[in-house]
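**Student:** Got a sequence here, can you build the structure:
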Amino acid sequence: MPLSSELTLASSPRAAADARRWVGDVCLRLDRPDLVECAELGVSELVANAILHAAAPYKVRVRGTASHPRIEVVDGSPRPPVPPTPVEGDDLDLLLTFGRGLAMVAQCAVAWGATIESDGKIVWFEPAPEMADSGSAEWVIDHHDRDRPEPTSEGAVDVRLLRIDVPLYTSLKQQYHELRRELRLLSLSHQSDYPLAGDLTSMFANFERQFPDTFREQIHQAETRGLPEVDVAFPMVREAGPIFVTMTEMFDVADAFCRAERLLSMARTPRQRALHNWLLTELVHQLDGATARPWDGSPGSAAPSTSRVG
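**Tutor:** Numbering: from 1, shown residues only. Down below sits the predicted model:
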């Protein structure tokens with residue numbers, strides 16, 4: 001089982017115990033036995049809180065990096081958790097009461113927070129080597145603000161992407177979403193340890209800006225209708241070409257980091273990478289004046305482009 005896998009939990013009293021054992025094993029496999037106690041305590045609290053106050057599905061997973069692993073509990077309720085008030089003193093009764101809430105998580109963490117999404121939330125923490133007397137770890141709110149407006153130009157090119165595999169693109173979009181969130185969280189909570197994360201986050205934001213809302217709307221409609229494939233058409237500025245060339249290389253670098261477990265996220269699958277490279281190559285070529293070439297599902301459709309748009 002790869003370190004970046006996840007555990008689906010049952011809606012039962014045993015869920016916390018299952019999560020505790022699984023997380024303890026992951027810490028040992030990361031060669032971090034110093035984190036086991038706080039990891040187990042913290043995940044027990046998050047799972048108990050999810051079972052009591054949220055909705056299925058429930059999952060636990062490990063993300064972050066090998067040096068700074070992050071434990072995440074996923075549930076199906078978008079209702080935000082309520083950060084705890086500071087815990088005063090050294091009350092042993094607090095340590096002996098099961099399900100005492102998020103105050104315990106703050107004592108077990110060097111950083112913690114939540115991501116609220118449209119279909120649920122992720123509450124996470126980075127386990128500390130030892131438990132603090134009080135919850136002093138900073139609560140980090142992870143949200144993806146809408147970036148600056150998409151670029152416009154009188155010389156925009158009408159781009160067409162033909163026969164996009166909708167289920168495959170949806171899975172690629174989810175993989176990208178997790179990678180994007182990973183870099184954003186590293187830049188928020190460990191900027192000094194991972195200064196490149198902030199730079200990459202800015203690069204990813206600029207990359208996303210190149211795609212107009214009309215592109216996202218057409219993909220969303222195809223997903224909603226359950227279409228197996230779709231053709232989309234939208235305007236795009238020529239200046240986006242070099243950005244796509246650079247990002248093709250950046251996505252390969254990110255895959256290498258994930259496979260080496262320097263990032264505990266999933267790398268793109270071979271089919272996801274092939275579709276991604278085809279899409280980026282099509283954009284570069286069409287912005288350079290080439291005609292649209294449909295996705296045919298073969299590796300040959302996805303040869304990375306080295307073209308530069310002038």
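
**Student:** can we go C-alpha only for contacts and neighbour counts from here?
**Tutor:** OK.

**Student:** what mean pLDDT does stretch 185-201 have?
**Tutor:** If you average the pLDDT over stretch 185-201, you get 84.

**Student:** distance between the ends of it?
**Tutor:** Using C-alpha to C-alpha, to the nearest Å, the end-to-end distance of stretch 185-201 comes to 9 Å.

**Student:** Next, the buried residues of that stretch.
**Tutor:** Buried residues in stretch 185-201, counted by 16 or more other C-alpha atoms under 10 Å: Leu185, Leu186, Ser187, Leu188, Ser189, Ala197, Gly198, Leu200, Thr201.

**Student:** Need the residues that contact that stretch.
**Tutor:** The contact list for stretch 185-201 (C-alpha atoms under 8 Å, 6 or more residues apart in numbering) reads Gly64, Ala111, Val140, Asp142, Arg180, Leu183, Arg184.

**Student:** Touching, the second one and Glu126? I think so.
**Tutor:** Yes: with contact taken as C-alpha atoms under 8 Å, Ala111 and Glu126 are classed as touching, separated by 5.4 Å.

**Student:** Those two: which is more packed in?
**Tutor:** Taking neighbours as other C-alpha atoms under 10 Å, Ala111 and Glu126 compare with Glu126 leading, 27 against 21.

**Student:** which SSE is the more buried one in?
**Tutor:** Element membership for Glu126, per DSSP states H and E: strand 120-127.

**Student:** cool, Leu200 as well?
**Tutor:** helix 195-209.

**Student:** How about the secondary structure of Arg61?
**Tutor:** Recorded secondary structure, Arg61: strand (DSSP: H, G, I helix; E, B strand; the rest coil).

**Student:** That one and Ile219, how far apart?
**Tutor:** Arg61 is 28 Å from Ile219, by C-alpha to C-alpha.

**Student:** show me where the stretch 101-250 of the chain has helices.
**Tutor:** Secondary structure of the stretch 101-250 of the chain (DSSP state H, counting those that start in this stretch): helices at 102-108, 166-189, 195-209, 213-225, 241-259.

**Student:** what's the closest non-adjacent residue to the residue most central in space within the chain?
**Tutor:** Residue closest to the average C-alpha location in the chain (C-alpha atoms, centre = their mean): Glu178, at 1.6 Å. Leaving aside its chain neighbours, Glu178 sits nearest to Ser265 (7.4 Å; criterion: C-alpha to C-alpha, 6 or more residues apart in numbering).

**Student:** Thank you kindly, that will do.
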